[in-house]
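# the following block contains a protein sequence and its predicted model.
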Number of protein chains: 2
Amino acid sequence: MQKIHPEHPRYQSLILREKMAQAYKQGILADTALIAHGRGEAFDYIIGEKTTLPANKAIQTAAASLILAKNPVISVNGNTAVLASKEVVDLARILKVKIEINLYYRTPQRVVKVEHLLKVAGVQEILGSDEEDYLPINGLEGPRSRTSPEGVHKADVILVPLEDGDRVEALKANGKKIITIDLNPLSRTSKNATISIVDNVVRALPLLKQDIVKLKECQSHQLKNIIKEFDNHKNLQESLRIVQQGYVKDVEL
Amino acid sequence: MQKIHPEHPRYQSLILREKMAQAYKQGILADTALIAHGRGEAFDYIIGEKTTLPANKAIQTAAASLILAKNPVISVNGNTAVLASKEVVDLARILKVKIEINLYYRTPQRVVKVEHLLKVAGVQEILGSDEEDYLPINGLEGPRSRTSPEGVHKADVILVPLEDGDRVEALKANGKKIITIDLNPLSRTSKNATISIVDNVVRALPLLKQDIVKLKECQSHQLKNIIKEFDNHKNLQESLRIVQQGYVKDVEL
């Protein structure tokens, strides 16, 4: 691995890439996590590695939805923990919600490693790390179906960045509201989530925190209005248009 | 890793992903190879995992250019060897050209592993695997600057799939004609190559072989005409438009 110079135009992206490669070597990530990260990189590159207007709208709506939720939870997988543990922990602290570890390719070893990352970032209590204490979610099988009785299983609103499409579908079928962060506006995750934030987790999570701080002062009918005015389907189409436009704008051929 | 069912709509892509993950574990690939593969996956997904018309045009021109070349060579890196050793070997046999191993993150161990992959696929003679016998290419430093005196260093036309942008620029600055295969029409590699095939290597290489078989019967003025009529810049713009259209077409939001 080369040293990355801070003047490099894509410095941030290269730093994240390096983090992911290191984490993979440490056994924190599953085999295809790096490939998934590469797909995200491609989409981020296309939108200019900036948070777009529709992403901002989705973030604001997500903030309102998380504040209004009765049992919100943040579900964290390997990629999210590697890329944005600090951001997740900051957000959980502001929201006073719990963090649950949910790994698609779950092994006890990997759970321990992800748990360690979150603890280093300052989490006090982590759900989903107990191998015995879980309830399966309907419609999924195997280790990926596990949910904590105190977290995802009883949650009404789940913030679950970088989630797999199957799991999003199953969680929605179980009546959960799903807020996801995914750079591909056409992924099954983006298509099926209740609120789809098409952005890089590293940028979206601090913005979400900011919006929560702001909107906490609002009355619940104001928050409900924000949610009512938001149309995830239309917003995804706008994200998609920006992918196309970003692409056009960036052409220096 | 799960079993992949042949009925899965993205079976081919998942098989390649699995190949890459396995190869990484075996130490064949550098840290960021999987991430690069993920970026490719995203672009391939967008174009519908099919060879486009501009890609076909570039492939035909590449065939003509390789047939007319005085000293053509195929430069192979880790990703290409993992994804398409057999296809590379078939092509080299038809063209009667040599294959050279050029690794960006070159280590002797990795060279041996890539060499093994190519030998298993049937290559007789491989250039670039001798740690002593090399000439550096102007404008690059370190192990990545190595070229075989009998291969890339004296070549006039180099087919180099999935190449790094720095290396393409340096090779071009040294007067080489570069044919590349890269799914991102906006990559520095695509922008700087002489002929840029915006396609998946696994699809493009067999098509290139087919075109070489066909065009071998042509006279050299006919081949020169094919090359003359090809405008890489315009063709890349067409590839780009297809990325955008492919994106639009695929929307089921």
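Sure, I can see it. Note that the structure is a prediction, hence the values are computed from the model and not measured. Numbering: from 1, shown residues only, chains lettered A, B, ... in the order given.
# for the rest of this, base every contact and every neighbour count on C-alpha atoms.
Fine.
# who's in contact with residue A:127?
A:98-101, A:148, A:150-151 (CA atoms under 8 Å, 6 or more residues apart in numbering or on different chains).
# and residue A:208, by the same measure?
Residues near residue A:208 by CA under 8 Å, 6+ apart: A:59-60, A:62-63, A:91.
# where in chain A is pLDDT low?
Along chain A, the parts satisfying pLDDT under 70 run over A:1-3, A:9, A:245-253.
# how about the strands in it?
A:73-76, A:98-101, A:126-127, A:135-136, A:146-147, A:157-159, A:177-181, A:195-197 (DSSP state E).
# quick one: strands adjacent to the first one?
What that stands for is strand A:73-76. strand A:98-101 (parallel), strand A:157-159 (parallel) (DSSP bridges).
# pipe those into CSV and attach mean neighbour count per row.
Converted to CSV, the strands paired with strand A:73-76 look like this (neighbours: other CA atoms under 10 Å in any protein chain shown):
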stretch, mean neighbour count
strand A:98-101, 24
strand A:157-159, 24
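# any chance of those strands in a markdown table, plus distance to residue A:69?
Converted to a markdown table, the strands paired with strand A:73-76 look like this (distance: least, CA to CA, whole Å):
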| stretch | distance to residue A:69 |
| --- | --- |
| strand A:98-101 | 13 |
| strand A:157-159 | 6 |
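# spatially central residue in chain A, please.
residue A:161 (1.3 Å; CA atoms, centre = their mean).
# tell me who's in contact with it.
Neighbours of residue A:161 in contact, by CA under 8 Å, 6+ apart: A:75-77, A:80, A:179-182, A:201.
# just give the nearest non-adjacent residue to residue A:27, would you?
Nearest residue to residue A:27 in three dimensions, chain neighbours excluded: residue A:110, at 6.8 Å (CA to CA, 6 or more residues apart in numbering or on different chains).
# chain B versus that neighbour, what's the distance?
Here residue A:110 is placed at a distance of 14 Å from chain B (CA to the nearest CA, to the nearest Å).
# tell me the one of the contacts of residue A:208 nearest residue B:193?
For the contacts of residue A:208, the minimum distance to residue B:193 (CA to CA) is 40.3 Å, reached by residue A:59.
# how close does that closest one sit to chain B?
From residue A:59 to chain B the distance is 19 Å (CA to the nearest CA).
# quick one: that residue and residue A:206 touch, right?
No - look at residue A:59 against residue A:206 with CA atoms under 8 Å: they stay out of range, at 10.0 Å.
# more neighbours, the two?
Neighbour count, other CA atoms under 10 Å in any protein chain shown: between residue A:59 and residue A:206, residue A:59 has more, with 28 against 17.
# which residue, neighbours along the chain excluded, lies closest to the more buried one?
Closest to residue A:59 by CA to CA, 6+ apart is residue A:208, at 5.6 Å.
# now do the same contact list for residue A:8.
Per CA under 8 Å, 6+ apart, neighbours of residue A:8: none.
# next one: it relative to chain B, how far apart?
For residue A:8 relative to chain B (CA to the nearest CA), the value is 14 Å.
# cool, residue A:31 as well?
6 Å.
# residues near the residue of the stretch 151-253 of chain A found nearest chain B, how many?
In the stretch 151-253 of chain A, the residue that lies nearest chain B is residue A:244 (5.6 Å; CA to the nearest CA). Neighbourhood size, residue A:244 [other CA under 10 Å]: 19.
# and for residue A:136?
16.
# just checking, it touches residue A:154?
No - using CA under 8 Å, residue A:136 is not in contact with residue A:154; the gap is 11.6 Å.
# would you mind listing what in chain A touches chain B?
A:1, A:17-18, A:21, A:31-32, A:34-43, A:105, A:186, A:191, A:233, A:236-237, A:244, A:247, A:251, A:253 (CA under 8 Å from any CA of the partner chain).
# please pick the buried ones from those residues.
Listed as buried from the residues of chain A next to chain B are A:17-18, A:21, A:31-32, A:34-43, A:105, A:186, A:191, A:233, A:236-237, A:244, A:247; burial here means 16 or more other CA atoms under 10 Å in any protein chain shown.
# which members of the residues you listed occur in helices, if any?
Judged by DSSP state H, these include A:17-18, A:21, A:34-43, A:191, A:233, A:236-237, A:244, A:247 as members of helices.
# please enumerate the helices of the stretch 101-250 of chain A.
Applying DSSP state H, counting those that start in this stretch to the stretch 101-250 of chain A gives helices spanning A:108-120, A:165-173, A:188-192, A:201-215, A:220-229, A:232-249.
# do you know which of these lies nearest residue B:7?
Across the helices of the stretch 101-250 of chain A, closest to residue B:7 is helix A:165-173 (CA to CA), at 16.7 Å.
# which strands or helices does that closest one pack on?
strand A:177-181, helix A:188-192 (3 or more CA pairs under 8 Å, 6 or more residues apart in numbering or on different chains; DSSP states H and E).
# one step back: any idea how far residue B:182 is from the closest residue to the residue of the stretch 151-253 of chain A closest to chain B other than its chain neighbours?
Closest residue to residue A:244 apart from its sequence neighbours, by CA to CA, 6+ apart: residue B:244 at 5.6 Å. If you measure residue B:244 against residue B:182 using CA to CA, to the nearest Å, the figure is 17 Å.
# and what of residue A:108?
In terms of CA to CA, residue A:108 sits 38 Å off from residue B:182.
# same deal with residue A:230?
From residue A:230 to residue B:182 the distance is 38 Å (CA to CA).
# neighbour count winner among the two?
residue B:182 (26 against 16).
# just to check, the more buried one is in contact with residue B:199?
Yes - in terms of CA under 8 Å, residue B:182 counts as a neighbour of residue B:199; the distance is 6.0 Å.
# which residues does stretch A:33-42 contact?
By CA under 8 Å, 6+ apart, stretch A:33-42 touches A:13, A:17, A:20-21, A:24, A:79, A:182-184, A:200, B:17, B:34-43.
# quick one: contacts for the nearest residue to residue A:49 once chain neighbours are set aside?
Using CA to CA, 6+ apart and skipping the chain neighbours, the partner closest in space to residue A:49 is residue A:200 (7.8 Å). By CA under 8 Å, 6+ apart, the contact set of residue A:200 is A:40, A:44, A:49, A:51, A:181-183.
# ok, and the most crowded of those?
residue A:181 (29 neighbours).
# how near is it to residue A:169?
Counting by CA to CA, the gap from residue A:181 to residue A:169 is 15 Å.
# so what's the closest residue to residue A:111 other than its chain neighbours up against?
Nearest non-adjacent residue to residue A:111, counting by CA to CA, 6+ apart: residue A:129, 6.2 Å away. If a contact means CA under 8 Å, 6+ apart, then residue A:129 has A:100-101, A:111-112, A:115 as its contacts.
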